[in-house]
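Participant: Just to be clear, the model below is a prediction. Sequence and coordinates:
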Amino acid sequence: MSKRPIEILIVEDNPGDVRLIRESLSDTETQHRLHVARDGEEALAYLHQEGEFAGAPRPELIILDLNLPTKNGHDVLAVIKSSAQFKFIPVVILTSSNLDEDILKAYAHNANCYVTKSVDPMEATRLLGAIRDFWLTSARLPVPLPPGIHSDLSSPT
């Protein structure tokens, strides 16, 4: 078990989906703290610690919906993965879209995985449990570097 909580940013505009994600992630011994952004602009403000998010902790995992108001999830993902500051944060796409073009576009922007939401409550619970078990129990998440310290990993060797 991690000694400090894992910071998780949920980018989701549907309060019911936020509640399901929150409930699913609470069923683990891994310490974590959840933060919610309700649209794409809010997600970017959170990441850049702007406005109400000044001093917000850097997420170590992002769960991102594609269908968001103000700025869609593809645009948010492109910003995250093109930024030296954020590109190593794993991004789980959790969305209702099962369109091949959305899946390809998400992976083209370096999404770490793509999961289609289910309307069936049992299947939704199973999918969220699989996300929880993998990302909070099995996977090793990159530890953020202290402010002011930059890695040379952003340029190819």
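Facilitator: Sure thing, it's come through. Numbering: from 1, shown residues only.

Participant: how many other residues sit next to Ala56?
Facilitator: Neighbours of Ala56 under the rule other C-beta atoms under 10 Å: 18. For every residue, glycine as well, the C-beta is placed using N, CA and C.

Participant: Quick check: it is in a strand.
Facilitator: No - counting by DSSP: H, G, I helix; E, B strand; the rest coil, one finds Ala56 to be coil, located in no strand.

Participant: give the contact list for the residue minimising distance to the centre of the chain.
Facilitator: The centre of the chain sits closest to Ile62, judged by C-alpha atoms, centre = their mean, with a distance of 1.2 Å. Ile62 makes contact with Ile8, Leu9, Ile10, Val11, Ala43, Ile80, Ile89, Pro90, Val91, Val92, according to C-beta atoms under 8 Å, 6 or more residues apart in numbering.

Participant: what's in contact with stretch 9-29?
Facilitator: 1, 8, 32, 34-40, 42-43, 46-47, 59, 61-65, 67-69, 73, 76, 94, 117, 124-125, 128-129, 131-133, 136-137.

Participant: Checking the residue nearest to the centre of the chain next. Helix, strand or coil?
Facilitator: Ile62 - assigned by three-state DSSP - is strand.

Participant: Give the bridge partners for it, please.
Facilitator: Leu9, Val91 (DSSP bridges).

Participant: Do you know the pLDDT at it?
Facilitator: We have a pLDDT of 97 for Ile62.

Participant: re the thing from before, ok, so of the contacts of Ile62, who is nearest Cys113?
Facilitator: Set against Cys113, the nearest of these by C-beta to C-beta is Val92 (5.3 Å).

Participant: burial count for the closest one?
Facilitator: 19.

Participant: for it, what are its contacts?
Facilitator: By C-beta under 8 Å, 6+ apart, the contact set of Val92 is Leu61, Ile62, Ile63, Leu64, Ala111, Asn112, Cys113, Val115, Ile131, Trp135.

Participant: pretty sure the fourth one contacts Val79?
Facilitator: What it means is Leu64. No - counting by C-beta atoms under 8 Å, Leu64 does not reach Val79; the two are 11.1 Å apart.

Participant: Which of those two has more residues huddled nearby?
Facilitator: In this view Leu64 and Val79 are compared by other C-beta under 10 Å, and Leu64 has more residues nearby, 24 against 18.

Participant: ok, and the closest non-adjacent residue to the more buried one?
Facilitator: Val11 (4.6 Å; C-beta to C-beta, 6 or more residues apart in numbering).

Participant: now that neighbour: how far from Ile21?
Facilitator: 11 Å (C-beta to C-beta, to the nearest Å).
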